[in-house]
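# Prediction below, plus the sequence it came from.
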Amino acid sequence: MLKNESNYGLLGYIALGAAVLSSLWLVSCDRSIEAQPAPQLPEVAVVDIHLQRVELTTELPGRTSAYRIAEIRPQVNGIIQKRLFQEGSDVKAGQLLYQIDPAPFQVAHDSAKASLGKAQANLPSIKLRVERYKEVLVDNAVSQQEYDDAAAVMEQARADIEYWKAAVEAARINLGYTRVSAPIPGRIGRSTVTDGALVTAYQPISLATIQQLDPIYVDVTQSSAELLRLKRNFETGRLSTNGKNQRNVQLLLEDGTPYPLAGTLQFRDVTVDPTTGSYTLRIVVPNPENLLLPGMFVRAVVQEGVAEQAILAPQQGVSRTPKGDPIALVVDESGTVRQRMLTLNRAIGDKWLISSGLSAGERVIVEGMLNVRPGVVVKAVSLDSRKAGAQASNTNRSPAGSN
């Protein structure tokens, strides 16, 4: 009996200890639960969307062409006595380029002048004869036929004078054509003839070519569909003209660097190329340093117009669905994430021009979008304030890091 009673007492002590331990464990669990903080909302950086005035431009490919081109050809036959310019140099209008042998043309000019002088010398005597015949005609000293013949000879003499005057002028012009001059200012290319070469009037092969490079033309092409779109935007009021700046054009060179001087849109062609469905825009560009040469490829930044109430969204805030449709995540007034389907117009710098899907006042998520999904409540922080805080933190840590 004593042994059994001792066993029951030991078991009682063990049960009592287990109960105490379980109570202590429950109390510690309750305290640990109370010590855990409440879960925090995911933080995202947002950008406020607002209406902006945006000047819309488009880049069009094109090539340069000379402002004026003159192919130098002789207007008389002869032998080239001297070439009087340096190939590849700049020439002025009226500058002498070639000298054709003037000897035969000088002789023709002198001969015509002599014939003119002879005709002019005969006229006075013929004129006096006609006057005398007229005086005695009333007395019937000469017949009417003799007077008419004398008057006809005088008119023929006057006609001869006019003929030889024209011959002298023609000979003078031909003599002047022996001096082949530059019709326009510009840069002259290589010469196709040398001293002593025989040339003929209006020959098919030019002696040289002059190209005026300042200013210079830039011809760019634009699709006719784009023209129709622009007209509709102007008619509906989505775009407005930019006044005098509407005709200003900036150029990008072949290597992508901007050309320092602005060009001016001169005209739009009135004919659409049926093979390409495009038409030509001609731009006049100053070229004082001759940096632009004919045939160079350039890109022209042409102003389309001004969108007075445009919506721009950062490109980092726009993603794509598996089908490729553009979407954006926005935070509404209650802090809930919402998804917006977008229609994009074009990229402007690091932003998208939005045609539809966003409205002014909405907040677009640009950082932290991978950690949230539509319907989740988040803490929205302005992207500018986050960047300012990060910059201040880096500034505060920089002295300690430097030590």
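Received the coordinates, thanks.
# From here on, just use CA atoms for contacts and neighbour counts.
Noted.
# A157 and A108, how far apart?
According to CA to CA, to the nearest Å, A157 and A108 sit 21 Å apart.
# residue ranges of the helices in the stretch 251-400 of the chain, please?
Using DSSP state H, counting those that start in this stretch, the helices of the stretch 251-400 of the chain run over 383-402.
# low pLDDT regions in it?
387-400 (pLDDT under 70).
# Who are the contact partners of S385?
Residues counted as contacts of S385 (CA atoms under 8 Å, 6 or more residues apart in numbering): none.
# Any idea what the most centrally placed residue in the chain is bridged to?
Centroid-nearest residue in the chain: A300, 2.1 Å away (criterion: CA atoms, centre = their mean). A300 forms beta bridges with L60, L251, as assigned by DSSP bridges.
# ok, it touching L251?
Yes: counting by CA atoms under 8 Å, A300 does reach L251; the two are 4.6 Å apart.
# Go ahead and confirm G196 touches Y98.
No: with contact defined as CA under 8 Å, G196 and Y98 do not form a contacting pair (11.1 Å).
# Now do the shared contacts for those two.
In contact with both G196 and Y98: 80-82, using CA under 8 Å, 6+ apart.
# quick one: which of these is most hemmed in?
In terms of neighbours by other CA atoms under 10 Å, the shared contacts of G196 and Y98 top out with I80 at 22 neighbours.
# For that residue, give the beta-bridge partners.
Bridge pairing for I80 (DSSP bridges) gives the partners I100.
# can you pull the contacts of it?
Counted by CA under 8 Å, 6+ apart, I80 has contacts 98-101, 194-199.
# Need the pLDDT of it.
Note for I80: predicted pLDDT of 96.
# For V44, list each beta-bridge partner.
A380.
# My guess is it contacts V376. True?
No: when contacts are counted by CA under 8 Å, V44 is not listed as touching V376 (11.5 Å).
# the more surrounded of these two?
Higher neighbour count among V44 and V376: V44, with 22 against 14, using other CA under 10 Å.
# Against V220, how distant is the more buried one?
45 Å.
# Same check on V199?
When V199 is compared with V220 (using CA to CA), they lie 39 Å apart.
# out of the two, which sits in the busier spot?
Neighbours were tallied for V199 and for V220 using other CA under 10 Å; the higher tally belongs to V220 (23 against 20).
# The more buried one: what's its closest spatial neighbour, skipping adjacent residues?
Distance criterion CA to CA, 6 or more residues apart in numbering; nearest residue to V220, sequence neighbours excluded, is G62 at 3.9 Å.
# for V301, same thing?
E59 (4.5 Å).
# And for I283?
The shortest distance from I283 to any non-neighbouring residue, by CA to CA, 6+ apart, is to L265 (4.5 Å).
# Now do the contacts for that neighbour.
Contacts of L265 (CA under 8 Å, 6+ apart): 247-249, 281-284.
# make it 7 Å
Applying CA atoms under 7 Å, 6 or more residues apart in numbering to L265 gives the contacts 247-249, 282-284.
# what would those residues look like in CSV with neighbour count?
Shown next, in CSV, are the contacts of L265 (neighbours: other CA atoms under 10 Å):
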residue, neighbour count
R247, 18
N248, 18
V249, 20
R282, 19
I283, 25
V284, 22
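# now, which of these lie within strands?
Taking DSSP state E as the definition of strands, these contribute 248-249, 282-284.
# Widest-spaced pair of the residues you listed?
Farthest apart among those by CA to CA are N248 and R282. That separation is 12.1 Å.
# So W164 lies in a helix, does it not?
Yes: membership of W164 in a helix is supported by DSSP: H, G, I helix; E, B strand; the rest coil.
# For it, give its distance to G375.
As judged by CA to CA, W164 and G375 stand 103 Å apart.
# If you count surrounding residues, which of the two has more?
Taking neighbours as other CA under 10 Å, W164 and G375 compare with W164 leading, 21 against 12.
# right, and that one touches S115 too?
Yes: if you go by CA atoms under 7 Å, W164 and S115 touch, sitting 6.4 Å apart.
# mind checking pLDDT for V249?
Value listed for V249 in the pLDDT field: 87.
# likewise V142?
78.
# what's it in contact with, if anything?
Shown in contact with V142 (CA under 7 Å, 6+ apart): 133, 136.
# again, but for E254
Contacts of E254 (CA under 7 Å, 6+ apart): 297-298.
# Low-confidence bits of the stretch 101-250 of the chain, can you list those?
Along the stretch 101-250 of the chain, segments meeting pLDDT under 70 span 233-246.
# can you give me the strands in it?
Secondary structure of the stretch 101-250 of the chain (DSSP state E, counting those that start in this stretch): strands at 179-181, 186-188, 198-199, 208-223, 248-252.
# isn't R63 right next to L292, touching?
No: contact criterion CA under 7 Å: R63 and L292 do not qualify, at 9.9 Å.
# the more surrounded of those two?
Using other CA under 10 Å, the more surrounded residue of R63 and L292 is L292, with 25 against 18.
# who's in contact with that one?
If you count contacts by CA under 7 Å, 6+ apart, L292 has none.
# any idea how far A70 is from it?
19 Å.
# Let me see the domain layout of this protein.
Here the domain assignment for the chain is 1-36, 46-53+310-392, 54-66+213-308, 70-210, based on automatic domain parsing.
# What is the burial count for Q156?
Q156, neighbours per other CA under 10 Å, totals 14.
# where's the nearest residue to V76 once chain neighbours are set aside relative to V193, distance?
The shortest distance from V76 to any non-neighbouring residue, by CA to CA, 6+ apart, is to A201 (4.4 Å). Using CA to CA, A201 is found at 14 Å from V193.
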